[in-house]
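> Let me see the structure of the following:
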Amino acid sequence: MEVKEAIARRLSIRRYAESSIPSEHMETLFRALQQAPSANNGQNWEFVFVGDAEKKRRLVGACSSQSFVGSCTYFIAGVADPSQKWHMVDITIALTNFTLQAADLGYGTCWIGAFDENRVKAILGVPDERKVVICMAFGTPEGRHVAKGRKGFEKFIYQNHYGRRWSPNDLS
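As a prediction, the model looks like this:
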């Protein structure tokens, strides 16, 4: 699959089938995390993969009662050292690699920004000096999922100055 296909295929999946992920796929996905660029090559990231049903059930409550947290194959918490300036960017880049690799392998993901960090940390045993930056659901999609419409480029791309809309004529 080409990168543009993985980008187009990646959707926010909120319905997951009961399934396991083969270890060779997990290794490929871990490598996608490992290969992500980071500030000064600091690789300031740690990831907690939660497959335990009871922990996922508890995490539903810590994630604004989003029920798909309990049905995904793995709940992932992206953890970093917040004293490192670019920790939020580094985690996001690594998990973006993960989402694209997951799409390439036929899996689904959903970013989870609505969560109670203290509750997630308590459930997962994350130390106080670490920050849970972002969470994610991951697994095999259940049913059919359709991409939502996207804004046209002219709505969010500017040329040389904020507010100067990019137009197709500017591409020459």
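
> Where does pLDDT dip in this structure?
1, 170-172 (pLDDT under 70).

> The strand of greatest length in it - contacts with which helices or strands?
Secondary structure of the chain per DSSP state E: the longest strand is strand 131-139. On a contact count with 3 or more Cβ pairs under 8 Å, 6 or more residues apart in numbering; DSSP states H and E, strand 131-139 meets helix 68-71, strand 74-80, helix 87-104, strand 108-112, helix 117-124. Any C-beta I mention is one placed from the backbone N, CA and C, and that applies to glycine too.

> what's the second one in contact with?
With Cβ atoms under 8 Å, 6 or more residues apart in numbering as the test, strand 74-80 has contacts from 21, 44-51, 55-56, 59, 69, 87-88, 90-92, 94-95, 98, 120, 124, 126, 130-139.

> ok so, going back, and the helices and strands packed on strand 131-139: which comes nearest residue 160?
Evaluated with Cβ to Cβ, the helices and strands packed on strand 131-139 place helix 87-104 nearest to residue 160, the distance being 24.5 Å.

> chain center to the closest one: distance?
Remark: helix 87-104 is offset 6 Å from the chain centroid, using Cα atoms, centre = their mean, to the nearest Å.

> Check stretch 46-55 too.
15 Å.

> Any of the contacts of strand 74-80 buried? List them.
Among the contacts of strand 74-80, the ones that count as buried by 16 or more other Cβ atoms under 10 Å are 21, 44-45, 47-50, 56, 59, 69, 87-88, 90-92, 94-95, 98, 120, 124, 126, 131-139.

> sorry, back to before: most packed of the helices and strands packed on strand 131-139?
strand 74-80 (a mean of 24; mean count of other Cβ atoms under 10 Å).

> Tell me the strands beside that one, with direction?
strand 46-50 (antiparallel), strand 131-139 (antiparallel) (DSSP bridges).

> Would you mind measuring from the closest residue to residue 119 other than its chain neighbours to residue 77?
Of all residues not flanking residue 119 in the chain, residue 62 sits nearest, at 3.7 Å (Cβ to Cβ, 6 or more residues apart in numbering). As defined by Cβ to Cβ, to the nearest Å, residue 62 lies at a distance of 10 Å from residue 77.

> Now the common contact residues for those two.
Joint contacts of residue 62 and residue 77 (Cβ under 8 Å, 6+ apart) are residue 120.

> just to revisit the earlier point, so can I have JSON lines of the helices and strands packed on strand 131-139 showing distance to residue 36?
Shown next, in JSON lines, are these (distance: least, Cβ to Cβ, whole Å):
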{"stretch": "helix 68-71", "distance to residue 36": "24"}
{"stretch": "strand 74-80", "distance to residue 36": "11"}
{"stretch": "helix 87-104", "distance to residue 36": "4"}
{"stretch": "strand 108-112", "distance to residue 36": "15"}
{"stretch": "helix 117-124", "distance to residue 36": "21"}
